[in-house]
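Colleague: Test case, fold it:
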Amino acid sequence: MLYSNKIIVNLIGFCWLVFLFYWIYKEASGVKKDTLKRQNQGIRILIGVLAVAAVWVISGHLLNLTIIPYAKVSQTGGVILCAFGIGWAIWARKVLDVNWSSHPNIKQNHELVQNGPYAIARHPIYTGMTIAFVGTFIAAIPTWAGLGLLLLGVTRFVYRIPKEERFMTQTFPTDYPIYKSRVRWALFPFIF
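Modeller: Numbers count the residues shown, from 1 in each chain. Below you'll find the model as predicted:
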């Protein structure tokens with residue numbers, strides 16, 4: 001059985017719904033205009049959907065093989081991690097405010113945000129989402145397919161970070177290197 005406890009699954013789902021609704025609300029409330037031409041997002045979304053589908057299909061025979069046994073302690077810990085990660089990502093998004101972009105880009109009158117979670121990690125939205133992915137994996141999908149999806153999500157962040165860092169260095173050639181030397185961790189202290 002993929003999900004051992006309906007309450008756990010509902011709690012994880014609720015965390016992700018809060019995240020989704022907050023993101024939709026903030027997107028609707030407006031952000032600054034991009035300075036760079038937007039790349040074809042449709043193709044990128046299609047590639048992402050196909051990658052997720054490939055993980056599910058390739059690991060379909062492994063889908064029910066759990067990596068972490070279902071236990072109340074692991075499921076509770078997973079829910080706590082998911083909720084914390086979602087809260088962290090929302091806090092980072094709130095602090096970033098109108099400078100946020102759904103893709104690596106620079107906004108008109110872009111500001112270098114260095115407070116709140118940005119004083120701890122340079123990409124705290126990715127940090128929060130990674131923590132939420134780990135919590136979801138542990139609590140709701142502790143299978144090989146779940147691990148594949150977790151690694152796919154983290155790989156996407158690790159891929160995007162250098163591009164975002166280049167944009168920030170070009171936009172803030174003096175301030176960003178100073179910020180980088182002060183906030184040394186892109187995602188997690190002592191890891192990356």
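Colleague: On the C-terminal side of the lowest-mean-pLDDT helix or strand in the chain, identify the next helix or strand.
Modeller: Of all the helices and strands that make up the chain, helix 41-58 has the lowest average by mean pLDDT, DSSP states H and E, namely a mean of 57. Downstream of helix 41-58, the first helix or strand assigned by DSSP states H and E is helix 72-96.
Colleague: What residues sit buried inside that next one?
Modeller: Residues of helix 72-96 classed as buried: 75, 78-79, 81-83, 85-90, 92-93, 95-96 (neighbour count, 16 or more other CB atoms under 10 Å). Yep, even glycine has a C-beta here, placed from its N, CA and C like the rest.
Colleague: wait, what's in contact with the residue nearest the centre of the chain?
Modeller: Among the residues of the chain, the one closest to the centroid is Met129, at 3.0 Å (CA atoms, centre = their mean). By CB atoms under 8 Å, 6 or more residues apart in numbering, the residues touching Met129 are 85, 89, 153, 157.
Colleague: Count the residues that sit near the last one.
Modeller: Here the neighbour count serves as a burial measure; for Phe157 (other CB atoms under 10 Å) it reads 19.
Colleague: pretty sure Tyr176 is touching Leu112, no?
Modeller: Yes - assessed by CB atoms under 8 Å, Tyr176 is found in contact with Leu112 at 6.5 Å.
Colleague: and for the two, which residues touch both?
Modeller: Met168.
Colleague: and those two? which has more neighbours close in?
Modeller: In this view Tyr176 and Leu112 are compared by other CB under 10 Å, and Tyr176 has more residues nearby, 19 against 13.
Colleague: Next, the contact list for that one, please.
Modeller: Applying CB under 8 Å, 6+ apart, the residues contacting Tyr176 are 112, 165, 168-169.
Colleague: where are the low-confidence patches of the protein?
Modeller: 1-4, 30-65, 103-104, 107, 190, 192 (pLDDT under 70).
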